[in-house]
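In: predicted model and sequence below, questions to follow.
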Amino acid sequence: MDKIGFLGVGKMGEAILGSLIRTAGMPPSQFIACDTNAGRLALIRRRYKVKVVDDADALPEACGTIFLAIKPQDLDQVLESLAPALTRKHLLVSIVAGKSLARLQELSGGRPRLVRVMPNLNVAVGAGMCVFTPGATARAADRRLVAKLLSSCGEALELDEQHFDAVTALSGSGPAFFAYVMQAMARGAEALGLPAEAARLLANQTMLGTAKTLREGGQEPDAFIQTVCSPKGTTAAGMAVLEKSTVARALERTLKAAARRSRELNRG
Ligand SMILES: NC(=O)c1ccc[n+]([C@@H]2O[C@H](COP(=O)([O-])OP(=O)(O)OC[C@H]3O[C@@H](n4cnc5c(N)ncnc54)[C@H](OP(=O)(O)O)[C@@H]3O)[C@@H](O)[C@H]2O)c1
């Protein structure tokens, strides 16, 4: 397989690169990492023993596949300057939020094959959720390669690009939202007198276990809630408050705001 380049090894670039090496067991010699931040680059070289470069121009010659993992606001300029060196032999895998395949094609000069991905930070522990959509000229082998790489960092799902703003809101930004809910639950238990460390462990493990139970049992959340709620029991008492609250509506508005921002980034 061709070498795989990472243009940007910040939080998300490192999470994917690290997972491919540590969880999937791919050899460090397979990768080249590029970042303009000298500190990041030194840390990535030390941590993963990969080759590093500080100039993106070095990537097209050495890499058949390049992950674009820089911030949306940096992408246009970087990709436009890289475009003359990009050919049909290159596969660009963009994880940049809000940048559509059409925009990526325009910026990259129209020659490289493209796959757009929305990952999340949970790839760092092999439990990521990555959604991908191939561009018009992507080959079956490109889809297989991207699916294989992403599956080794967690779950990978191919979806139409029209869903990307919603995907960005739910699974891309979602880890922050779920962490917020988890923290609120832990703080609620602290207010009942539970030590902070124990509260965090209980909230964390209960969230993890609930997701696992629902996933493996294939039960609808509503049916599962009924299973946990015995009549006049403690769960029923809590659920009565939750159902009357505005929590569901606030979460809906949270996702709408994230999706709106994703649309704005595509325009910007
Ligand atoms: N973080 C998430 O949870 C998440 C989830 C889904 C998608 N994403 C997407 O992933 C991408 C990266 O996000 P991130 O959170 O990893 O950002 P980040 O931590 O800021 O990492 C981006 C890295 O790229 C470097 N960089 C900037 N310009 C560059 C250039 N011209 N060439 C090479 N490197 C350059 C930055 O250096 P400086 O620090 O010096 O600027 C930084 O080290 C974004 O497009 C984001 O939309 C992120």
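Out: Arrived safely. Numbering: from 1, shown residues only.
In: okay, now the domains of this structure?
Out: 3-162, 174-267 (automatic domain parsing).
In: how about the secondary structure of Q219?
Out: Secondary structure assignment for Q219 (DSSP: H, G, I helix; E, B strand; the rest coil): coil.
In: and it, its phi and psi?
Out: phi -80, psi 150 (degrees, to the nearest 10).
In: and the gap between it and M207?
Out: Q219 is 17 Å from M207, where distance means C-beta to C-beta, to the nearest Å. Every C-beta, even on glycine, is put in place using the N, C-alpha and C of the backbone.
In: the stretch 1-150 of the chain: strands as residue ranges?
Out: 3-7, 31-34, 51-53, 63-68, 91-94, 113-118, 128-134 (DSSP state E, counting those that start in this stretch).
In: and those as CSV, adding distance to A189?
Out: Shown next, in CSV, are these (distance: least, C-beta to C-beta, whole Å):
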stretch, distance to A189
strand 3-7, 40
strand 31-34, 41
strand 51-53, 44
strand 63-68, 40
strand 91-94, 41
strand 113-118, 33
strand 128-134, 27
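In: pipe these into TSV and attach mean pLDDT and mean neighbour count per row.
Out: Shown next, in TSV, are the strands of the stretch 1-150 of the chain (pLDDT from 0 to 100; neighbours: other C-beta atoms under 10 Å):
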stretch	mean pLDDT	mean neighbour count
strand 3-7	97	25
strand 31-34	98	24
strand 51-53	97	18
strand 63-68	97	24
strand 91-94	98	26
strand 113-118	98	24
strand 128-134	98	24
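In: do you know which of those strands lies nearest V78?
Out: Comparison of the strands of the stretch 1-150 of the chain against V78 by C-beta to C-beta identifies strand 3-7 as nearest, at 7.0 Å.
In: hey, C-alpha coordinates of the closest one in CSV?
Out: Coordinates of each C-alpha in strand 3-7 appear next as CSV, following Å, rounded to 0.1, in the frame of the first residue of the first chain:
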residue,chain,number,x,y,z
LYS,A,3,2.3,5.7,2.2
ILE,A,4,-0.4,7.6,4.0
GLY,A,5,0.2,11.3,4.7
PHE,A,6,-1.5,13.3,7.5
LEU,A,7,-1.8,17.0,6.7
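In: other SSEs contacting that strand?
Out: helix 11-22, strand 31-34, helix 59-62, strand 63-68 (3 or more C-beta pairs under 8 Å, 6 or more residues apart in numbering; DSSP states H and E).
In: before we move on, back to that, could the strands of the stretch 1-150 of the chain be laid out in JSON lines, adding distance to the ligand?
Out: Formatted as JSON lines, those follow (distance: least, C-beta to the nearest ligand atom, whole Å):
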{"stretch": "strand 3-7", "distance to the ligand": "5"}
{"stretch": "strand 31-34", "distance to the ligand": "5"}
{"stretch": "strand 51-53", "distance to the ligand": "9"}
{"stretch": "strand 63-68", "distance to the ligand": "8"}
{"stretch": "strand 91-94", "distance to the ligand": "8"}
{"stretch": "strand 113-118", "distance to the ligand": "6"}
{"stretch": "strand 128-134", "distance to the ligand": "9"}
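In: near the ligand, which residues of the stretch 1-150 of the chain? Just list them.
Out: 7-8, 10-13, 34-37, 40, 56, 69-72, 74, 78, 95-97, 118-121 (C-beta under 6 Å from any ligand atom).
In: got a PyMOL select line for the buried ones in those residues?
Out: Buried members of these, defined by 16 or more other C-beta atoms under 10 Å, are picked up in PyMOL with:
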select buried, resi 7+8+12+13+34+35+40+56+69+70+72+78+95+96+97+118+119+120+121
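In: point out the most buried one among the domains of the chain.
Out: domain 3-162 (a mean of 19; mean count of other C-beta atoms under 10 Å).
In: between the two ends of it, what distance do you get?
Out: 30 Å (C-alpha to C-alpha, to the nearest Å).
In: go on, stretch 108-122?
Out: Start-to-end, stretch 108-122 (C-alpha to C-alpha) is 29 Å.
In: same thing with stretch 164-176?
Out: 18 Å.
In: now that stretch: average pLDDT?
Out: Per-residue pLDDT values across stretch 164-176 average out to 96.
In: just stretch 228-238 next, same as before
Out: Here the average pLDDT along stretch 228-238 is 94.
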